[in-house]
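K.L.:
here you go, sequence then predicted model.
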Amino acid sequence: MDNKKYVAYVGTYTHGSSKGIQVYDVDVEKGTLTERNEVEVSNSSHTALSKNGLFLYSIEDEGVAVFKRDENGDLTRINSVSIDGMRGCFLATDVDGKYLYVAGYHDGKVTVVHTHRDGRLGSLMDGVFHKGLGSVAERNFRPHVNCVRPTPDNKYLCAVDNGIDQVKIYRINKRRHKLELVDILRCPRESGPRIIRFSADGRFAYILFELSNEIKVYSYDGNGHLPEFELIQSISTLCKENDKDAIHNAASGLALAPDGKHLFCTTAGENSVSMYEIDQKTGLLEKKFTLPISGDYPKDLVIFPDNQHIAIANHASNEITVFRVDYEKNIIVMNDRPHKVETPNSIHIWPVPEKPEKKKENKAESAE
């Protein structure tokens, strides 16, 4: 295990006692979190890290905010921008670090924000509203963009629409700074696609379905003129696959282990976590366990850098629970006391920025 210092950020709603982003020190070896401080952000439903690790982006009511991270991982607000729409729910950065992508659940919009080298958020480069009707009138009768994520080759942006059961694939036109729709993954009706993640080598995509409680595995090839996604597996997230009460369950969180060999997901309702082993050649999943997580509505989860521990954000029971993963016995064991935090939405663990080395003074320059 490396000697890097890590910090955890938990984004929360702020209609109660929470202020926005809760910051934790992470002891990777022990698998524990220690509360450090809170940073004020209105309803921080999701956060993302810049590619150089120096800046943290957060959803807020006004749009999107950006913070500078110091060598301890503490945050200082730089600026914020409006996204000309309703409050977003998910953030992602592109591979080149030029754009910040925002998913809009409430208005079905994908927004592209320009990011400056000094960390400032700039102008809106593009904004696309999804169109169409879903089939679940109680909620999913219109577009709800729940997740945006670039393909690993940075050629396309995947926009997961929970409301109309589609994943829209956009080409990123870097000359015009616009999104161009090139393909649509049409998912089963009332399946509710929620999150997409890619394998460590970029050859496979894993999509979590909130309403059908399953993960679908797709092969991905971006070498051609158009992206190619091919469905190769569907696997349940539930403890009981054919449970007649499954309608009360909702797959909620999806995380890839740092080693790239395991995929974890949470399911609300039955309040469980599942672990899958990833076949490194085929990308296929083999379920190893589905176990209770001692919390209510596990909205998000993160795997520690050592691959040995997981932390789960339980939105309804207002707590973060941490477990040690026993890969031999295929069980989890609670590893730390539950951390009380009101309405946690997202949790991430990232290394703190490295302290810049002082440049040696150039004798020729100093003589001038």
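P.N.:
Good, I have the coordinates. Computed from a predicted structure; not experimentally measured.
K.L.:
every contact and neighbour count from this point should use C-alpha atoms.
P.N.:
Noted.
K.L.:
got the buried residues for stretch 4-14?
P.N.:
Lys5, Tyr6, Val7, Ala8, Tyr9, Val10, Gly11, Thr12, Tyr13, Thr14 (16 or more other C-alpha atoms under 10 Å).
K.L.:
can you check stretch 212-224 too?
P.N.:
Ser212, Asn213, Glu214, Ile215, Lys216, Val217, Tyr218, Ser219, Tyr220, Asp221, Gly222.
K.L.:
which of the three states applies to the closest residue in space to the fifth one that isn't next to it in sequence?
P.N.:
If the residues on either side of it in the chain are set aside, Lys216 comes closest to Ser234, at 4.4 Å by C-alpha to C-alpha, 6 or more residues apart in numbering. Reducing the assignment to helix, strand or coil with DSSP: H, G, I helix; E, B strand; the rest coil, the entry for Ser234 is strand.
K.L.:
count the residues that sit near Ser234.
P.N.:
Counted by other C-alpha atoms under 10 Å, the residues lying close to Ser234 total 16.
K.L.:
ranges for the helices of the stretch 251-368 of the chain?
P.N.:
363-367 (DSSP state H, counting those that start in this stretch).
K.L.:
outside of stretch 215-235, which residues touch it?
P.N.:
The contact list for stretch 215-235 (C-alpha atoms under 8 Å, 6 or more residues apart in numbering) reads 153, 155-156, 182-183, 185, 202-209, 214, 236-237, 283-285.
K.L.:
out of the residues you listed, which are buried?
P.N.:
Using 16+ other C-alpha under 10 Å, the buried ones in the contacts of stretch 215-235 are 155-156, 183, 185, 203-209, 214, 236-237, 283-285.
K.L.:
among those residues, which are located in helices?
P.N.:
Nothing among the buried ones among the contacts of stretch 215-235 maps onto helices, per DSSP state H.
K.L.:
which ones among the residues you listed are found in strands?
P.N.:
Tyr156, Asp183, Leu185, Phe204, Ala205, Tyr206, Ile207, Leu208, Phe209, Glu214, Ser236, Leu285 (DSSP state E).
K.L.:
show me the two of the residues you listed that sit farthest apart.
P.N.:
Spatial extent of these (C-alpha to C-alpha) is set by the pair Tyr156 and Ser236 at 27.6 Å.
K.L.:
mind picking out the helix or strand in this protein with the poorest mean pLDDT?
P.N.:
The weakest-scoring helix or strand in the chain, judged by mean pLDDT, DSSP states H and E, is helix 363-367 (a mean of 38).
K.L.:
picking that back up, can you redo the ones in strands among the buried ones among the contacts of stretch 215-235 as TSV with distance to Leu54 and pLDDT?
P.N.:
Formatted as TSV, these follow (distance: C-alpha to C-alpha, whole Å; pLDDT from 0 to 100):
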residue	distance to Leu54	pLDDT
Tyr156	25	97
Asp183	34	97
Leu185	34	98
Phe204	29	98
Ala205	28	98
Tyr206	28	98
Ile207	29	98
Leu208	30	98
Phe209	33	98
Glu214	35	97
Ser236	38	96
Leu285	34	98
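K.L.:
where along the stretch 151-300 of the chain do the strands fall?
P.N.:
For the stretch 151-300 of the chain, applying DSSP state E, counting those that start in this stretch gives strands covering 156-161, 166-173, 178-186, 193-198, 204-209, 214-221, 228-236, 250-256, 262-268, 272-278, 285-292, 298-303.
K.L.:
export these to JSON lines and tack on distance to Glu40?
P.N.:
Below are these laid out as JSON lines (distance: least, C-alpha to C-alpha, whole Å):
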{"stretch": "strand 156-161", "distance to Glu40": "28"}
{"stretch": "strand 166-173", "distance to Glu40": "33"}
{"stretch": "strand 178-186", "distance to Glu40": "32"}
{"stretch": "strand 193-198", "distance to Glu40": "27"}
{"stretch": "strand 204-209", "distance to Glu40": "31"}
{"stretch": "strand 214-221", "distance to Glu40": "35"}
{"stretch": "strand 228-236", "distance to Glu40": "38"}
{"stretch": "strand 250-256", "distance to Glu40": "24"}
{"stretch": "strand 262-268", "distance to Glu40": "28"}
{"stretch": "strand 272-278", "distance to Glu40": "30"}
{"stretch": "strand 285-292", "distance to Glu40": "32"}
{"stretch": "strand 298-303", "distance to Glu40": "21"}
